[in-house]
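K.L.:
quick one: sequence plus predicted model below, questions after.
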Amino acid sequence: GDSVTQMEGPVTLSEEAFLTINCTYTATGYPSLFWYVQYPGEGLQLLLKATKADDKGSNKGFEATYRKETTSFHLEKGSVQVSDSAVYFCALRYTGANSKLTFGKGITLSVRP
Amino acid sequence: DAGVTQSPTHLIKTRGQQVTLRCSPKSGHDTVSWYQQALGQGPQFIFQYYEEEERQRGNFPDRFSGHQFPNYSSELNVNALLLGDSALYLCASSFEGSYEQYFGPGTRLTVT
């Protein structure tokens, strides 16, 4: 079946450091890929998405590129801020009737001032 | 726009009891999905409702059931609660055919 694997956490960075969070997937078809963020005490928010191979999703300085050849969707940000501290989830989803989201385990990011 | 709302926020139940969680979707959305998020884990898909019918179901036992009403709101029912049912239950709504699911803040269920 489909699955999403995220790098082990937690990750602690200093403000303005470069961020990479790895995500790889296994899929039987051609899903869309997503990064969701969960701030403390809140529900999940969509951070960015990519719907086909080689698409780049971007939002709030975060970027991720859909790499079909390596089945990856790594999240990057050039300069993190304290306000980026949260839990980040990689997920995949198909369109149509089979539209459930399949999530990775998530990774906690803490950014120090 | 109120977004996705869920009630109650927190709930404590005893093993063997039954619980009902509620969700109101974002305005204009017709599809509701439910997820279970255990501590330290990613959300796991329970089921999805569209046009008042269960359209898709994840790997959860029949103790988990749901309903969608004509106004698109939804309920999640769990019977014969187990300690392992303790989790954050998330509701997500979407519009049929769209990519994005909007999540509510969740209901924290503790089973003692």
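P.N.:
Perfect, thanks for sending it. Numbering: from 1, shown residues only, chains lettered A, B, ... in the order given.

K.L.:
can you report phi and psi for the closest residue to chain B within chain A?
P.N.:
When scored by Cβ to the nearest Cβ, chain A has residue A:103 as its residue closest to chain B, at 3.4 Å. For the C-beta atoms, the positions are set from N, CA and C on the backbone; glycine is no exception. With angles defined as degrees, to the nearest 10, residue A:103 sits at phi -100, psi 150.

K.L.:
report how many residues lie close to residue B:21.
P.N.:
21 (other Cβ atoms under 10 Å in any protein chain shown).

K.L.:
bridging residues for it?
P.N.:
residue B:76 (DSSP bridges).

K.L.:
so which residues on chain B come close to chain A?
P.N.:
Residues of chain B lying close to chain A by Cβ under 8 Å from any Cβ of the partner chain are B:4, B:31, B:33, B:35, B:40-45, B:48, B:55-56, B:58, B:90, B:92, B:94, B:97, B:99-106.

K.L.:
follow-up on the earlier one: which residues does the residue of chain A closest to chain B bridge with?
P.N.:
Beta-bridge partners of residue A:103, as defined by DSSP bridges: residue A:91.

K.L.:
what's around it, how many residues?
P.N.:
Residue A:103: 24 neighbours (other Cβ under 10 Å).

K.L.:
quick one: it from residue A:90, how far?
P.N.:
Distance of residue A:103 to residue A:90, given as Cβ to Cβ, to the nearest Å: 7 Å.

K.L.:
please enumerate the shared neighbours of the two.
P.N.:
residue A:4 (Cβ atoms under 8 Å, 6 or more residues apart in numbering or on different chains).

K.L.:
not counting sequence-adjacent ones, nearest residue to the most centrally placed residue in chain A?
P.N.:
Nearest to the geometric centre of chain A sits residue A:35, at 3.2 Å (Cα atoms, centre = their mean). Once flanking residues are discounted, residue A:35 sits nearest to residue A:47: 4.4 Å by Cβ to Cβ, 6 or more residues apart in numbering or on different chains.

K.L.:
shaky segments in chain B?
P.N.:
B:1 (pLDDT under 70).

K.L.:
and the helix or strand residue A:111 falls within, what does it pack against?
P.N.:
Assigned by DSSP states H and E, residue A:111 belongs to strand A:107-112. If contacts are counted by 3 or more Cβ pairs under 8 Å, 6 or more residues apart in numbering or on different chains; DSSP states H and E, strand A:107-112 sits against strand A:11-14, strand A:19-21, strand A:86-93.

K.L.:
any chance of those strands in JSON lines, plus mean neighbour count?
P.N.:
Output for the helices and strands packed on strand A:107-112, formatted as JSON lines (neighbours: other Cβ atoms under 10 Å in any protein chain shown):
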{"stretch": "strand A:11-14", "mean neighbour count": "14"}
{"stretch": "strand A:19-21", "mean neighbour count": "17"}
{"stretch": "strand A:86-93", "mean neighbour count": "24"}
